[in-house]
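In: I would like the atomic coordinates for the input below:
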Amino acid sequence: TSAKHGYEWATVDRGLEVLHLIVASGLRPDLDCYRYLFQIAAEDCWQGLLSHERVRQLYEAMKKEEGVTPDIDVINSVLECTAGLAQYNLTTLADGQALFNDCVEFGIEPDLVSWAGLLDILMGEIEYGTASARKVEGVLA
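Out: Have a look, this model is predicted:
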C-alpha cells in the first residue's frame, strides 16, 4: 500500500475524507474502500498514531455497511492494526481472538497472515510482560 511506501498523505483521516466524498457523491463505499482504509490504518497503528477504539469503530461501521462483508484481507489488516497497537500495550490477545471469532461468523478461513498477526499480538504481550502460558495455549489450541 502507499502507506507502507512512505507517502505522507496516506493517513486514516485522509482515507475517511475520501469515504465521505464517495458517500456525498451518492455512491456507497465498497469492500475495496475499506480494504485500503484498514491497510493504511495498520501502518498508523504500528507507529502508535491510532487508537484501538478508533479501529474498532471503523471496523464496526464497515460491518454495518449494506453489501459489505469483511473478507480475509480486511480481517488480516485489522489484525495487523491490533498487532501494531499491542507493541504499545494498547491491545490484547483477546482483541485478536475476537477477530478470529469474526472469521467463524463470516465463514472465513484464517490464513498464515492471520496467524502471524495473532503471534505479533502475543509478542507485544510478551514484551510488556502480560503474556501467560495459558494465553499461548489458547492461541495454539
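In: For residue 46, which non-adjacent residue is closest in space?
Out: In this structure, residue 46 finds its nearest non-sequential neighbour in residue 84, 3.5 Å apart by Cβ to Cβ, 6 or more residues apart in numbering. C-beta coordinates here come from the backbone N, C-alpha and C atoms, glycine included.
In: gap between the spatially most central residue of the chain and residue 63?
Out: Nearest to the mean C-alpha position of the chain, by Cα atoms, centre = their mean, lies residue 78 at 1.1 Å. Between residue 78 and residue 63 the computed distance is 11 Å (Cβ to Cβ, to the nearest Å).
In: and what of residue 88?
Out: 25 Å.
In: what residues are up against residue 73?
Out: residue 35 (Cβ atoms under 8 Å, 6 or more residues apart in numbering).
In: Looking at it now. What's its pLDDT?
Out: With respect to pLDDT, residue 73 scores 97.
In: Report the distance from the helix or strand containing residue 84 to the chain centre.
Out: Counting by DSSP states H and E, the element that carries residue 84 is helix 72-86. Taking Cα atoms, centre = their mean, to the nearest Å, one finds helix 72-86 lying 3 Å from the centre of the chain it belongs to.
In: Output it in PDB, but only the C-alpha positions, please.
Out: Extracted in PDB, the C-alpha atoms of helix 72-86 (Å, rounded to 0.1, in the frame of the first residue of the first chain):
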ATOM      1  CA  ILE A  72      -9.700 -12.300   4.800                       C
ATOM      2  CA  ASP A  73      -7.800  -9.200   3.600                       C
ATOM      3  CA  VAL A  74      -9.800  -6.900   5.800                       C
ATOM      4  CA  ILE A  75      -9.600  -9.300   8.800                       C
ATOM      5  CA  ASN A  76      -5.800  -9.500   8.300                       C
ATOM      6  CA  SER A  77      -5.500  -5.700   8.100                       C
ATOM      7  CA  VAL A  78      -7.500  -5.200  11.300                       C
ATOM      8  CA  LEU A  79      -5.400  -8.000  12.900                       C
ATOM      9  CA  GLU A  80      -2.300  -6.000  11.800                       C
ATOM     10  CA  CYS A  81      -3.800  -2.900  13.400                       C
ATOM     11  CA  THR A  82      -4.300  -4.900  16.600                       C
ATOM     12  CA  ALA A  83      -0.700  -6.300  16.400                       C
ATOM     13  CA  GLY A  84       0.700  -2.800  15.900                       C
ATOM     14  CA  LEU A  85      -1.100  -1.400  18.900                       C
ATOM     15  CA  ALA A  86      -0.100  -4.400  21.000                       C
END
